[in-house]
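1. sequence and predicted structure, then a few things I'm wondering about:
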Amino acid sequence: MASLSTWLRYIVHKIEYSISLSSKNYQIGQITDKQVNENVWKNVFQGKLTYVHFNKGEEMAPTVSGQGGSLLVRRLPTADPKKVFVGDVVALKDPQNPDNCIVRRLAAVEGDEMVSTDEKDEPFVLENDQCWVVSDNESLSPKEAADSRLFGPVPMSDILGRVIYCLRSSVDHGPIRNSETAMQKDSPVLAVELDIDELARSPKT
């Protein structure tokens, strides 16, 4: 059971998330200014900071088994270098099919210089809101890995959340290795919202 200090940190995260989400929804016209406060408290008391996503494929092995795994993903209302960090495993819109979601590791963010191992390729700097994502499976070719080596930089705004836990089987599960900063920030969320039984029951599609 989570300690009092963990619960307090978790509540702070929920309030921050709810304010960010309500502000975003207001800016894009989904709610009115009169609904902002109501929306904030509704999310604080009723919403969750995580959701379950099933991922299958060899691209993220061994972090996620090629046979598939149920992932606990921390929601991010907005993704920027202050909220998601190099080294984090993220769920994002598939650049090749935006209706789908893929899981990759964040390798670089806006302002970072990208230098290819191929001398024929010119170095370049990632522009504002751009990031570079890669698969964990180093044995795959860029085409097989389907990462930024294939489709190039992707918008940070396409990142939906950070993967914080993976259940591969009933006896093989545990936290995802993310950046140290992210793991510290996510620890109270994981302590409060992780439900192994729920992960195990989640649809495998």
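-> Thanks, I have it.
2. in this structure, which helix or strand is least confident?
-> One helix or strand of the chain scores below all others by mean pLDDT, DSSP states H and E: helix 36-46, with a mean of 89.
3. state the distance from the residue nearest the centre of the chain to residue 116.
-> The centroid of the chain falls nearest to residue 162 when counting by Cα atoms, centre = their mean (2.1 Å). Residue 162 sits 27 Å away from residue 116, taking Cβ to Cβ, to the nearest Å as the criterion. C-beta: built from backbone N, CA, C; applies to glycine.
4. same deal with residue 197?
-> 46 Å.
5. now the strands for the protein?
-> Assigned by DSSP state E, the chain shows strands spanning 50-55, 69-75, 89-94, 97-109, 113-114, 124-125, 130-134, 154-155, 159-169, 172-175.
6. let me know the outermost residue of the protein.
-> residue 120 (32.8 Å).
7. so for that residue, what's the pLDDT?
-> Residue 120 carries a pLDDT value of 87.
8. what residues does the helix ranked longest in the chain touch?
-> Of all the elements of type helix in the chain, the one with the most residues (DSSP state H) is helix 4-27. Helix 4-27 has contacts (Cβ atoms under 8 Å, 6 or more residues apart in numbering) with 2, 31-33, 35-36, 39-41, 43-44, 47, 49, 75, 77-78, 185, 187-189, 191-192.
9. if we use 10 Å, what do you get?
-> 1-3, 30-33, 35-49, 74-78, 83, 184-193 (Cβ atoms under 10 Å, 6 or more residues apart in numbering).
10. avg pLDDT for it?
-> 93.
11. how about that helix: buried residues?
-> 6, 9-10, 13-14, 17-23, 25 (16 or more other Cβ atoms under 10 Å).
12. quote the end-to-end distance of stretch 188-205.
-> Terminal residues of stretch 188-205 lie 28 Å apart, using Cα to Cα, to the nearest Å.
13. quick revisit: any idea how far the longest helix of the chain is from the chain center?
-> On the basis of Cα atoms, centre = their mean, to the nearest Å, helix 4-27 sits 17 Å off its chain's mean C-alpha point.
14. let me know the angle separating that helix from helix 36-46.
-> 140 degrees (axes from the mean of the first three to the mean of the last three Cα atoms, to 10 degrees).
15. any idea how many residues pack against the nearest residue to residue 59 once chain neighbours are set aside?
-> Spatial nearest neighbour of residue 59, excluding adjacent residues (Cβ to Cβ, 6 or more residues apart in numbering): residue 135 at 4.0 Å. Using other Cβ atoms under 10 Å, residue 135 has 25 other residues around it.
16. list the contacts for residue 135?
-> Taking Cβ under 10 Å, 6+ apart as the test, what residue 135 contacts is 57-61, 63, 102-105, 142, 144-150.
17. repeat that for residue 59.
-> Neighbours of residue 59 in contact, by Cβ under 10 Å, 6+ apart: 66, 102-105, 134-137, 140, 144-147.
18. for it, give me the pLDDT.
-> 96.
19. quick check on the residue lying closest to residue 106 once chain neighbours are set aside: phi, psi?
-> Distances taken as Cβ to Cβ, 6+ apart put residue 88 closest to residue 106, at 4.9 Å, once the chain neighbours are dropped. Dihedral pair for residue 88: phi -80, psi 140, per degrees, to the nearest 10.
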